[in-house]
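>>> Task: produce atomic coordinates for the following.
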Amino acid sequence: MLGGGAAPGALDIQFANLRSQKGLIRICLTAYPKNFPGCTDDRNAITRSVHASDGRTHITGLPSGDYALALIHDENSNAKLDTFAGIPKEGIGFSRNPTLGFGPPKFAAAQFGMSTGTVTQSVKMKYFL
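Prediction:
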């Protein structure tokens, strides 16, 4: 389980600005800056895939703490972010919708606090190609 603290909270994730309803939204939720945005080396990260047409998902049982979300719109459902010359061909999005330049944002730019109750993050997907 991520983070630390007392009573668990819940996270409502909404994804907007999808180019299509095809494929999956791949979600990475982490409380550890060094494992953002990929969650690959984070055994405590929460990863989930939901149908793009769902428009949202909900995660419960989250301890209080600071978290960040990274989302990929895997339109062709091949379980990876397709790129061309290092530029994403599929949509990407992050909690708090930080301005994107070259490369992903830092954890601090996408960081949000979790406490008891429900926190909502509305992630606007961005497409470059």
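>>> The longest strand anywhere in the chain pairs with which strands?
Criterion DSSP state E: the longest strand present in the chain is strand 65-74. The pairing partners recorded for strand 65-74 under DSSP bridges are strand 24-30 (antiparallel), strand 91-94 (antiparallel), strand 112-114 (antiparallel).
>>> okay if I get those strands as a markdown table plus mean neighbour count?
No exception for glycine: its C-beta is placed from N, CA and C like everyone else's. Listed next are those as a markdown table, based on neighbours: other C-beta atoms under 10 Å:
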| stretch | mean neighbour count |
| --- | --- |
| strand 24-30 | 23 |
| strand 91-94 | 24 |
| strand 112-114 | 16 |
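>>> Which among those is found nearest to K80?
strand 24-30 (8.9 Å; C-beta to C-beta).
>>> Now do the closest one: everything it contacts.
Contact with strand 24-30 is made by 2, 11, 13, 15, 36-39, 42, 44-52, 54, 57, 59, 67-74, 77, 79, as judged by C-beta atoms under 8 Å, 6 or more residues apart in numbering.
>>> strand partners of the helix or strand following it, parallel vs antiparallel please.
Tracing the chain C-terminally past strand 24-30 and defining elements by DSSP states H and E, one meets strand 46-51 next. In the sheet, strand 46-51 lines up against strand 24-30 (antiparallel) (DSSP bridges).
>>> So for the strand it pairs with, mean pLDDT?
Averaging pLDDT along strand 24-30 gives 97.
>>> Report the distance from it to the chain centre.
The chain centroid and the centroid of strand 24-30 are separated by 5 Å under C-alpha atoms, centre = their mean, to the nearest Å.
>>> any idea how far the closest residue to V119 other than its chain neighbours lies from T118?
Distance criterion C-beta to C-beta, 6 or more residues apart in numbering; nearest residue to V119, sequence neighbours excluded, is L11 at 5.4 Å. Taking C-beta to C-beta, to the nearest Å as the measure, L11 and T118 are separated by 7 Å.
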